[in-house]
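**Q** Sequence below, structure please.
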Amino acid sequence: MVHSGKGKTRKSSIYAGNDTSLPRNANANINFSFKVLTNPEILSQTADATFTSKVNGKVKVIIILAYMHTGSTYLGDVLHQLPGSFYEYEPLRSLQQASRYRDAITFMNGSRKQLQRGKAVAYQLAAKAVEHMVTCNHRNLDYGTLLHAFRSISSAEYQDVAPYFRCLRSNSMMLEKRRANHASYNQLPFTNPMSLELPARRKPKGSRNYPMSLTDPNTILSCLPLLESRCRNATVRLTKFIRLSMKATEMLLRAINNMVNVNIIHLVRDPRAMMDSQLRKNDMGVKRFAVFQTRTKYMCSCLRKNLHLFKKLNPMYPNKFYSLRYEDLVDRPLVTFEDLLSFLGLGFGHNMERYVKNSSINYTPARAAVWREHISIEHLRIVDKYCRDLYPVLGYVPLDTLNQVRNLTVQDHIQLP
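**A** Prediction:
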């Protein structure tokens with residue numbers, strides 16, 4: 001039996017031969033292996049601002065480790081309803097963008113780091129960034145992360161960080177007016193202004209939602225309390241990532257396991273559904289067949305590596321990991337969320353139950369199965385080629401012909417009891 005944080009137990013599952021925390025698996029026959037600063041005053045503010053009251057015992061840190069099109073936004077939205085929660089949505093996106101173009105990133109203390117090109121954020125860099133986030137030391141993050149908002153700050157996902165970004169936007173507008181009144185940019189009345197404007201081709205989606213030309217580090221420092229105080233005052237600190245690897249999570253746990261009450265939710269989905277969803281939206285340009293093939297290979301390689309490392313980490317960090325399939329969220333939302341919150345040591349009250357009932361209307365088994373009505377045999381074969389070995393590990397059923405795929409009476413995943 002696997003124990004939750006409040007003495008409750010949950011039935012273990014078979015996950016590539018090892019006990020894991022995949023929920024509610026009572027059937028033992030199912031194979032779930034599932035700019036540089038020189039102003040001394042500014043520097044002293046940043047140096048002394050690493051809050052030592054990291055996290056007290058009452059604070060719960062929840063990290064969602066997911067992949068593109070796995071329902072992580074839905075999961076994060078529900079967990080955001082927890083009383084006293086503070087939610088940060090996809091905060092590694094800026095670092096990934098910088099890694100893709102081998103940019104140098106700059107920190108508030110004036111240090112710079114040159115990144116190596118790659119699709120994933122460097123493990124150590126990602127782990128350290130997440131550590132600063134969950135311990136509310138945001139001023140130790142790089143400028144790009146501090147200025148970046150993936151979606152509109154008026155969206156529900158940015159409810160908790162919106163006051164900070166509005167502060168940045170307001171001060172940025174004032175800064176632009178001040179700049180317009182100076183004949184020379186270098187005459188601006190503050191130390192070492194630094195333009196963070198990115199070339200148009202490198203602006204991330206949603207970049208219009210954050211102040212691209214903000215240059216005054218004092219502005220960031222003046223706005224940061226709006227972010228860090230809300231974080232420190234929260235009883236639940238929630239972050240969602242589709243750009244965090246299990247390797248970076250391992251490094252993160254080494255650093256914070258003794259400081260915070262942390263849980264990792266590993267959210268997966270049928271690779272066939274994941275890739276078809278990307279295809280329908282043409283994410284990453286996957287409508288080009290060669291790109292679809294490369295992307296499928298990459299996605300399942302990441303998933304495979306994460307699952308392999310999960311088998312090592314789960315016994316090392318008992319009661320830290322919760323494995324979850326998107327299909328279980330839509331098949332039985334109330335049961336699944338109640339079990340998840342029990343594992344997290346949090347209550348599943350009436351308000352949460354009502355919210356799950358209302359929100360689950362938009363996340364149904366029929367919607368989860370849309371891939372079966374859309375995927376072509378050519379795309380199916382590509383996903384099978386690179387991902388088929390993961391199906392039995394995660395409880396998915398191989399479908400060899402298009403007739404089987406289209407016949408919705410044929411199960412594509414093993415349903416949990």
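**Q** When you work out contacts or count neighbours from here on, use the C-alpha atoms and nothing else.
**A** OK.
**Q** Residue 294 sits in which helix or strand?
**A** Element membership of residue 294 [criterion: DSSP states H and E] is helix 289-316.
**Q** how long is stretch 140-150 from one end to the other?
**A** 20 Å (Cα to Cα, to the nearest Å).
**Q** can you give me the strands for the protein?
**A** Remark: strands assigned in the chain by DSSP state E are 2-3, 9-10, 13-15, 18-20, 60-65, 85-89, 104-106, 112-114, 236-241, 261-268, 321-325.
**Q** Show me what the longest one is packed against.
**A** Contacts of strand 261-268 with other secondary structure elements, assessed using 3 or more Cα pairs under 8 Å, 6 or more residues apart in numbering; DSSP states H and E, are made with strand 60-65, strand 321-325.
**Q** Buried residues, the first one. List them.
**A** Neighbour-count burial for strand 60-65 flags 60, 61, 62, 63, 64, 65 (criterion: 16 or more other Cα atoms under 10 Å).
**Q** So, low pLDDT: which residues of the stretch 1-150 of the chain?
**A** The stretch 1-150 of the chain contains residues with pLDDT under 70 at 1-57, 117-121.
**Q** So which residue is smack in the middle of the protein?
**A** residue 241 (1.0 Å; Cα atoms, centre = their mean).
**Q** Assess the claim that it and residue 89 are in contact.
**A** Yes: using Cα atoms under 8 Å, residue 241 is in contact with residue 89, at 7.2 Å.
**Q** Give me the helices and strands touching the helix holding residue 294, please.
**A** By 3+ Cα pairs under 8 Å, 6+ apart, helix 289-316 packs against strand 18-20, helix 246-256, helix 271-281, helix 377-387.
**Q** Quick check: buried residues in that helix?
**A** Buried residues in helix 289-316 (16+ other Cα under 10 Å): 292-293, 295-297, 299-300, 302-304, 306-307, 309-311, 313-314.
**Q** hmm, back to that, any chance of CSV for the strands of the chain, columns distance to residue 125?
**A** Formatted as CSV, the strands of the chain follow (distance: least, Cα to Cα, whole Å):
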stretch, distance to residue 125
strand 2-3, 32
strand 9-10, 34
strand 13-15, 30
strand 18-20, 28
strand 60-65, 16
strand 85-89, 18
strand 104-106, 11
strand 112-114, 10
strand 236-241, 14
strand 261-268, 19
strand 321-325, 22
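**Q** now stretch 260-277: mean pLDDT?
**A** Mean pLDDT, stretch 260-277: 96.
**Q** repeat for stretch 294-301
**A** 97.
**Q** mind saving the C-alpha coords of it as PDB?
**A** Taking C-alpha atoms only, stretch 294-301 is exported to PDB below (Å, rounded to 0.1, in the frame of the first residue of the first chain):
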ATOM      1  CA  THR A 294      10.400  14.000 -35.700                       C
ATOM      2  CA  ARG A 295       8.100  15.400 -33.000                       C
ATOM      3  CA  THR A 296       6.500  12.100 -32.200                       C
ATOM      4  CA  LYS A 297       9.900  10.500 -31.800                       C
ATOM      5  CA  TYR A 298      11.000  13.300 -29.500                       C
ATOM      6  CA  MET A 299       7.800  13.400 -27.400                       C
ATOM      7  CA  CYS A 300       7.800   9.600 -26.700                       C
ATOM      8  CA  SER A 301      11.600   9.700 -26.100                       C
END
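**Q** what's next to that stretch, contact-wise?
**A** Stretch 294-301 is contacted from outside by 271, 275, 286, 382, 383, 386, 387, using Cα atoms under 8 Å, 6 or more residues apart in numbering.
**Q** Kindly reformat those residues as a markdown table containing neighbour count and distance to residue 261.
**A** A markdown table is the format used below for the contacts of stretch 294-301 (neighbours: other Cα atoms under 10 Å; distance: Cα to Cα, whole Å):
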| residue | neighbour count | distance to residue 261 |
| --- | --- | --- |
| 271 | 24 | 31 |
| 275 | 29 | 34 |
| 286 | 20 | 39 |
| 382 | 19 | 41 |
| 383 | 23 | 37 |
| 386 | 18 | 36 |
| 387 | 20 | 34 |
